[in-house]
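> Here's my sequence, what's the structure:
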Amino acid sequence: MTSLMGTLVSRYEPYLRGLARIGMTLTVVIGSLTPFVEAQQDAIKRAGSTPVALLTPEDVAAFYDGLIPTQLRRDDIGGAVIAVVKDGRVLFAKGYGYADVEAKSPVSVETTLFRPASISKLFTWTAVMQLVEQGKLDLDGDVNQYLDFQIPATYLQPITLRNLMTHTGGFQEMVRGPFLPDGDAILPLREFLIERLPPRIYQPGTTPAYSNYGAGLAGYIVQRVSGQLFEDYIEEHIFRPLRMEHSTFRQPPPDLLKPMMSSGYMSASDPAKPFEIVLPAPTGGLAATAEDMTHFMIAHLQDGRFGEEQILKQETARLMHAREMELAAGMNGMALGFAEVTYNGIRAISHGGDTPAFHSQLYLVPDLGVGLFVSQNSQGRGSNLRTIVWRTFLDRYFPRSPSVSVESANAVTDSHELSGFYKSTRRFDTSILKLSSLTGQVRVWTRADGTVLSDLVGEYGQPKPLREVEPLRFCDAGGEDCVAFRRDAEGRLEMIGSFPHVIFQRVRWFETRPLNLNLISFCAGVFGLTLALWPVAALTRRHFGRRLQLTPACRRTRILARVVCAIDLGFILVGRALFQKLPDPALEQWTHLLQAIGLVGALGTAVVILDAVRCWADRDRWWCSKVHVVVVTVACLGFVWFAILWNLFNFS
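Model prediction:
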């Protein structure tokens, strides 16, 4: 028997070895797929019986290859890049379209630099947390202790780094900047922060208002405390350990990286824009390849670890990713530097970034070990490519069960009370650009069935009806898009949307958009008709042989009143065209000249009032003339009120 077995083994030994090799290969393959299978099993548990696609490199590639090229052509976008990481490695990364449309240079994941814009802040916040864990910075200490200039004490409570990282420092929006064309003089970080210090309009820690200035301030604190230039610190302590060899905060990029920089476009069919310099650099100066961005995502998803390097301690990374600030129950909150985004019941932490040309988004799902980065080099026709990329990804690989729906509460809130107009907390309050708070107001209104609609939540240009699911929280039928309401310390309503770094405050009745736009349109109409009918009335009187019997004083005030109308009308028409291009430093002198002319017109209202008084005192004047001077006086007073309310004569 033994000899027979030996004979069989020797005869079939080559086949047995082949089977063994096949078995070992299958074991390796199955083992490599285990993380993906486990992820899908988790997704299936969440989605009930909903079938999901297998999250593999091949499937992701096939999925985006079918979606992205069509989207780029339809929306006139030059090029884009998408990168997906999973469980510490790159699952998928690919460029689409062109880095240079004219030269037909394709986008490369490894060698094409995109501008992630405000995603740069995540590097600034990571640097801050490195210094916090070293004991060199205190998240809850007054930031003035780290500066060589002082933030004025507008409020008793000081600003802290925690405030800066949750955008609750209280700063209004910066008036000048943040984008400059290549070749313009770049202020050093310290000088920029001193010269462009915006007023504070909220008490620290109370009101989220996205702040570029706050992030720039944090970057300067990193520079001061570390003793290195901000750009040098990031290169040594983040880029180098993460092997981000094609990334820089230097503007313009160094000569070695400059040829790799993607061009930026408003649309792919438009000429390329010059390199966009973002100030201050810690807020949005980064240029990086998608491959480098995957290293940064992996490090954060692995609690600060990338390969053998540890840029953050585990507890520090988890502190950054945990919810730090909650605005309302059931709504997204702020982590330290990251904003929460929820879709299909999955919590992600995210940050977006925009220059005029580049538009990007970074998503991390720590619970799933998944990260996604998307960037496009053109604004295109306005579609939100980054949201499409993210939501279709989750719908395909981590869907919510179609049986899930939102049930309405029992009308615990009078929805009509919520109707009105709301303004963003990220705004200008003390400059001429306060006018943007008028044009940017968000409307909330209700329907007879109690549903709420808002300009803030819509799809394909149409607002979605939202039903109350909890007291003061309203969601669409799928439960994905929600708004919530709360009251501030003074009892005024505030609206909270999907993005926790900004909220919307109810405007007072005299600030509402319809009232003010109708008022200024009425004023312009009165001024225009007055000037147009002035020569017509003169010709009519000459035709019928009727002369105005006016004293020299009345004649002078009548003419001056028409001049005031001309000044006010010119201010409105020219100002409307000019305002659309602000804030542009090249237009600053023209803006101040226009403001000076408008101020003369506003002071001239006194002449208009005098003309009205003299007209009504003259018994021989026609009744229509008396009505007309009253209407002109009302229009001039309305113009002055509008200009004062919206800071149009603020020369700051």
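> Return the list of strands paired to the biggest strand by length in the chain, each annotated with direction.
Identified as the longest strand of the chain according to DSSP state E is strand 89-100. Sheet pairing of strand 89-100 (DSSP bridges) gives strand 79-86 (antiparallel), strand 105-106 (antiparallel).
> can you give me the mean pLDDT across the longest one?
This means strand 79-86. Averaged across strand 79-86, pLDDT comes to 98.
> Which residues belonging to it are considered buried?
G79, A80, V81, I82, A83, V84, V85, K86 (16 or more other Cβ atoms under 10 Å). All C-beta spots, glycine's among them, are computed from the backbone N, C-alpha and C.
> who touches the first one in this structure?
Contacts for G79 (Cβ atoms under 8 Å, 6 or more residues apart in numbering) come out as 72, 95-99, 101, 106-107, 112, 262, 376-378.
> Please tell me how far the residue nearest to I349 when sequence neighbours are not counted sits from L433.
Among residues not flanking I349 along the chain, F338 sits closest, at 3.7 Å (Cβ to Cβ, 6 or more residues apart in numbering). Separation of F338 from L433 (Cβ to Cβ, to the nearest Å) stands at 28 Å.
> Compare the two and say which is more crowded by neighbours.
Between F338 and L433, counted using other Cβ atoms under 10 Å, F338 has the larger neighbour count: 27 against 22.
> Do I have it right that the more buried one meets H351?
Yes - counting by Cβ atoms under 8 Å, F338 does reach H351; the two are 6.1 Å apart.
> Mutual contacts of the two, please.
Joint contacts of F338 and H351 (Cβ under 8 Å, 6+ apart) are L122.
> mind putting the contacts of G79 in JSON lines, neighbour count included?
Listed next are the contacts of G79 as JSON lines, based on neighbours: other Cβ atoms under 10 Å:
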{"residue": "L72", "neighbour count": "21"}
{"residue": "G95", "neighbour count": "24"}
{"residue": "Y96", "neighbour count": "20"}
{"residue": "G97", "neighbour count": "23"}
{"residue": "Y98", "neighbour count": "24"}
{"residue": "A99", "neighbour count": "23"}
{"residue": "V101", "neighbour count": "21"}
{"residue": "P106", "neighbour count": "13"}
{"residue": "V107", "neighbour count": "24"}
{"residue": "T112", "neighbour count": "25"}
{"residue": "S262", "neighbour count": "30"}
{"residue": "Q376", "neighbour count": "32"}
{"residue": "N377", "neighbour count": "32"}
{"residue": "S378", "neighbour count": "30"}
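> now those residues as JSON lines including distance to S360?
Putting the contacts of G79 into JSON lines (distance: Cβ to Cβ, whole Å) gives the following:
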{"residue": "L72", "distance to S360": "15"}
{"residue": "G95", "distance to S360": "14"}
{"residue": "Y96", "distance to S360": "14"}
{"residue": "G97", "distance to S360": "15"}
{"residue": "Y98", "distance to S360": "17"}
{"residue": "A99", "distance to S360": "15"}
{"residue": "V101", "distance to S360": "18"}
{"residue": "P106", "distance to S360": "19"}
{"residue": "V107", "distance to S360": "13"}
{"residue": "T112", "distance to S360": "13"}
{"residue": "S262", "distance to S360": "12"}
{"residue": "Q376", "distance to S360": "7"}
{"residue": "N377", "distance to S360": "10"}
{"residue": "S378", "distance to S360": "12"}
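> Which helix or strand contains R224?
helix 212-226 (DSSP states H and E).
> Heading C-terminal from that helix, find the next helix or strand.
helix 230-234.
> Give me the sheet partners of the next helix-or-strand element following that next one and which way each runs.
Sequence order places strand 247-248 as the next helix or strand after helix 230-234, per DSSP H and E. Neighbouring strands of strand 247-248 in its sheet, by DSSP bridges, are strand 287-288 (antiparallel).
> what about the strand it pairs with, average pLDDT?
Here the average pLDDT along strand 287-288 is 98.
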